[in-house]
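A.B. asks: The following block contains a protein sequence and its predicted model.
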6 protein chains.
Amino acid sequence: MSDSWLPTLRTATPEEGFQLAIKLSRIGVKMTQPSAEVRERLRPEYAESADSLIASSQVIALNFQTVAQANDFWRS
Amino acid sequence: MSDSWLPTLRTATPEEGFQLAIKLSRIGVKMTQPSAEVRERLRPEYAESADSLIASSQVIALNFQTVAQANDFWRS
Amino acid sequence: MSDSWLPTLRTATPEEGFQLAIKLSRIGVKMTQPSAEVRERLRPEYAESADSLIASSQVIALNFQTVAQANDFWRS
Amino acid sequence: MSDSWLPTLRTATPEEGFQLAIKLSRIGVKMTQPSAEVRERLRPEYAESADSLIASSQVIALNFQTVAQANDFWRS
Amino acid sequence: MSDSWLPTLRTATPEEGFQLAIKLSRIGVKMTQPSAEVRERLRPEYAESADSLIASSQVIALNFQTVAQANDFWRS
Amino acid sequence: MSDSWLPTLRTATPEEGFQLAIKLSRIGVKMTQPSAEVRERLRPEYAESADSLIASSQVIALNFQTVAQANDFWRS
């Protein structure tokens, strides 16, 4: 069994797909700043800034587009 | 019956598709900052800033592209 | 007859498609800040800022890509 | 004969396609700020700012992707 | 045997694809600023800034979309 | 023989494709600011700024997506 954090882009539902997009966005940050302590310290900086929250939503939207394409937009 | 907030990307019309894109953009913010109180407190910060409003429109545009692709651009 | 503001993504020409992309971009702002008075007050803030104008053009470009894809790039 | 500023997205060569992408990006600014006098006054603001030039190149890149897709990447 | 740093966009798994997207994003920076000394000096500037980390995740997301498309989303 | 700076989007390898994406990104800047003297003067401004380097990498990523699509991701 694969213990990869990203075994597949397939999800059962669009909602799960959106969750995967959030995970991809957060792993992108984590791979750039591996320290959980630093990321936690920075939370107030983005979680209390409208522009940072909008920028976060944009990264999620881009990853969601990729996941949606991967799942043929859950058409079946 | 599914009580998911995102059961499907299919919408009857382009206008409904644009509404879904707005919802996806707002949920992206909500998943990053779950506190409704904080999000409400930040509203003046983005709703009265031209750059924040432009950035918001960009996230909506990206999600709308995904929803439009999912609905084959409502060609049928 | 539909009185939707977005009955279709189809346009007769690329130029009309670009106009629709501008409309989508502006509606994205309007849906985030419904007050015409506030949006009008903010006009000098973005209309006299190079970076805001560039960012606006980017949102139009993204919506134009969606409209162009919807119209199969007006190839026929 | 059409006197539209955007009769088609088709171009003979990739280079012409890049020129069209630049035109689309500039028209996006022009439609947001119709005053040539203001746009000219703002030129030093973006033409002498690295970040503004990078942002301009990004808008051109997005419009170029649309034009390239419209021309099937000039494969034929 | 090719000693290119980018012999192919094909990867065995989505996780490897995400790693390749990170590599593409970093090489994009490296090609713009070849000096490892400068890039290392700048690390605190972006690794301790929420907005920079979000922007980094966006570049990774865009490159990941390209790699995912190249691998047909690892559907097979 | 064409003396165009962009005769084709086809490249033999992904690495050459990435180089072309860098060229497209730089020409986008050059077409906006034709003066080599100004561009050279601005180099420290972006080459020593983490956010500018991240933004540059994003433009390269977007142009690389276009070049990769043009080359069917070098699958053959």
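C.D. replies: Perfect, thanks for sending it. Numbering: from 1, shown residues only, chains lettered A, B, ... in the order given.
A.B. asks: List of residues touching stretch A:22-34?
C.D. replies: With contacts defined as C-beta atoms under 8 Å, 6 or more residues apart in numbering or on different chains, stretch A:22-34 is touched by A:5-6, A:39, A:42, A:56, A:59-60, A:63, A:66-67, B:28, B:31, E:18, E:22, E:46-48, E:53-54, E:56-58, E:60-61, E:64. Using the backbone N, CA and C atoms, a C-beta is placed for each residue, glycine as well.
A.B. asks: Spatially central, which residue of chain A would that be?
C.D. replies: The C-alpha lying nearest the average C-alpha coordinate of chain A belongs to A:I22 (C-alpha atoms, centre = their mean; 2.3 Å).
A.B. asks: From the contacts of stretch A:22-34, list the buried ones, please.
C.D. replies: Buried by 16 or more other C-beta atoms under 10 Å in any protein chain shown: A:6, A:39, A:42, A:56, A:59-60, A:63, A:66-67, B:28, B:31, E:18, E:22, E:46-48, E:53-54, E:56-58, E:60-61, E:64, out of those.
A.B. asks: what angle sits between the helix-or-strand element of chain A with minimal mean pLDDT and helix B:36-47?
C.D. replies: Least confident helix or strand, chain A: helix A:36-47 with a mean of 96, by mean pLDDT, DSSP states H and E. Taking axes from the mean of the first three to the mean of the last three C-alpha atoms, to 10 degrees, one finds helix A:36-47 and helix B:36-47 inclined to each other by 60 degrees.
A.B. asks: ok, and does helix A:36-47 reach over to chain E?
C.D. replies: Yes: Helix A:36-47 lies within reach of chain E by C-beta under 8 Å from any C-beta of the partner chain, at A:38-39, A:42-43, A:45-46.
A.B. asks: orientation of the host helix or strand of A:K30 relative to helix B:14-32 in degrees?
C.D. replies: When elements are defined using DSSP states H and E, A:K30 is found to belong to helix A:14-32. Between helix A:14-32 and helix B:14-32, the angle formed by their directions is 50 degrees, by the same axes, to 10 degrees.
A.B. asks: Render the CA-only coordinates of helix A:14-32 in PDB, please.
C.D. replies: The C-alpha coordinates for helix A:14-32 follow below in PDB (Å, rounded to 0.1, in the frame of the first residue of the first chain):
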ATOM      1  CA  PRO A  14     -16.100  17.700  -5.800                       C
ATOM      2  CA  GLU A  15     -16.000  18.500  -2.100                       C
ATOM      3  CA  GLU A  16     -13.200  16.000  -1.600                       C
ATOM      4  CA  GLY A  17     -11.500  17.500  -4.600                       C
ATOM      5  CA  PHE A  18     -11.700  20.900  -2.900                       C
ATOM      6  CA  GLN A  19     -10.200  19.400   0.300                       C
ATOM      7  CA  LEU A  20      -7.300  17.900  -1.800                       C
ATOM      8  CA  ALA A  21      -6.800  21.400  -3.400                       C
ATOM      9  CA  ILE A  22      -6.400  22.900   0.000                       C
ATOM     10  CA  LYS A  23      -4.000  20.100   1.000                       C
ATOM     11  CA  LEU A  24      -1.900  20.700  -2.200                       C
ATOM     12  CA  SER A  25      -1.800  24.500  -1.400                       C
ATOM     13  CA  ARG A  26      -0.700  23.900   2.200                       C
ATOM     14  CA  ILE A  27       2.000  21.300   1.200                       C
ATOM     15  CA  GLY A  28       3.300  23.900  -1.300                       C
ATOM     16  CA  VAL A  29       3.800  26.200   1.700                       C
ATOM     17  CA  LYS A  30       5.200  23.400   3.800                       C
ATOM     18  CA  MET A  31       7.800  22.300   1.200                       C
ATOM     19  CA  THR A  32       9.000  25.900   1.100                       C
END
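A.B. asks: With only the CA atoms kept, save the longest helix along chain A in CSV.
C.D. replies: Counting residues, the longest helix in chain A under DSSP state H turns out to be helix A:50-70. Listed in CSV are the C-alpha atoms of helix A:50-70, where the atom choice follows Å, rounded to 0.1, in the frame of the first residue of the first chain:
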residue,chain,number,x,y,z
ALA,A,50,-7.8,40.2,3.8
ASP,A,51,-5.3,40.2,1.0
SER,A,52,-3.5,37.2,2.3
LEU,A,53,-6.8,35.3,2.6
ILE,A,54,-7.7,36.3,-1.0
ALA,A,55,-4.3,35.1,-2.2
SER,A,56,-4.7,31.8,-0.4
SER,A,57,-8.1,31.3,-2.0
GLN,A,58,-6.5,31.9,-5.4
VAL,A,59,-3.9,29.2,-4.8
ILE,A,60,-6.7,26.8,-3.8
ALA,A,61,-8.7,27.8,-6.9
LEU,A,62,-5.7,27.0,-9.1
ASN,A,63,-5.1,23.6,-7.4
PHE,A,64,-8.9,22.9,-7.6
GLN,A,65,-8.8,23.5,-11.3
THR,A,66,-6.1,20.9,-11.6
VAL,A,67,-8.0,18.4,-9.4
ALA,A,68,-11.2,19.0,-11.2
GLN,A,69,-9.6,18.4,-14.6
ALA,A,70,-8.0,15.2,-13.2
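A.B. asks: Tell me if that helix is near chain F.
C.D. replies: No: residues of helix A:50-70 contacting chain F under C-beta under 8 Å from any C-beta: none, with a closest distance of 10.6 Å.
A.B. asks: Tell me how far that helix lies from the chain's centre.
C.D. replies: Centroid displacement of helix A:50-70 relative to its chain, using C-alpha atoms, centre = their mean, to the nearest Å, is 7 Å.
A.B. asks: Now do that helix: which elements does it pack against?
C.D. replies: Applying 3 or more C-beta pairs under 8 Å, 6 or more residues apart in numbering or on different chains; DSSP states H and E, one finds that helix A:50-70 makes contact with helix A:14-32, helix A:36-47, helix B:14-32, helix B:36-47, helix B:50-70, helix E:50-70.
A.B. asks: Please list all residues in contact with the closest residue to chain C within chain A.
C.D. replies: Residue of chain A nearest chain C, by C-beta to the nearest C-beta: A:I54 (9.6 Å). By C-beta under 8 Å, 6+ apart, the contact set of A:I54 is B:29, B:46, B:52, B:55-56, B:59.
A.B. asks: for those, which one is nearest F:S76?
C.D. replies: Comparing the contacts of A:I54 against F:S76 with C-beta to C-beta picks out B:V59 as the nearest, at 36.3 Å.
A.B. asks: Run through chain A and note the low-pLDDT ranges.
C.D. replies: In the prediction, chain A carries residues with pLDDT under 70 at positions A:1-2.
A.B. asks: Provide a list of residues in contact with the residue in it positioned nearest to chain B.
C.D. replies: Among the residues of chain A, A:S57 lies closest to chain B, at 3.2 Å counting by C-beta to the nearest C-beta. Taking C-beta under 8 Å, 6+ apart as the criterion, A:S57 is in contact with B:25-26, B:28-29, B:32, B:59.
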